[in-house]
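# Fold the following.
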Amino acid sequence: MLFTTMVEAYIRLLCPECKKDWESTPTDLPAHDTTFHCPNCHASRRLAEFTRTDRDLQTLKGLQ
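Numbering: from 1, shown residues only. As a prediction, the model looks like this:
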């Protein structure tokens, strides 16, 4: 018998202004080139600028 489990990906985010860090699933986020607002300080930038690492950005792009 083969069992498979679905591992949900998380994108690590970091606000470039207030330095708040958090995680979210790709399905809960808009496209990487959409304006995004920090839930803490309300800074507005492209979502790609909030991704913590290049790997997080590539994961986001690949799963949307």
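
# Please count neighbours and contacts with C-alpha atoms only from this point.
OK.

# Low-confidence bits of this structure, can you list those?
Residue ranges of the chain with pLDDT under 70: 1-7.

# Show me where it has its helices.
Secondary structure of the chain (DSSP state H): helices located at 54-63.

# if I pick the residue nearest to Glu17 when sequence neighbours are not counted, what's in contact with it?
Using CA to CA, 6 or more residues apart in numbering and skipping residues adjacent in sequence, the residue nearest Glu17 is Ala43, 6.9 Å away. With contact set as CA atoms under 8 Å, 6 or more residues apart in numbering, Ala43 has these partners: 15, 17, 37.

# ok, now how distant is the second one from Lys61?
Going from Glu17 to Lys61 by CA to CA, to the nearest Å gives 23 Å.

# likewise the last one?
To Lys61, His37 is 18 Å away according to CA to CA.

# for Cys41, same thing?
25 Å.

# Could I get the contacting residues of the residue most central in space within the chain?
Centroid-nearest residue in the chain: Ile11, 3.9 Å away (criterion: CA atoms, centre = their mean). By CA under 8 Å, 6+ apart, Ile11 lies in contact with 23-26, 51, 56-57, 59-60.
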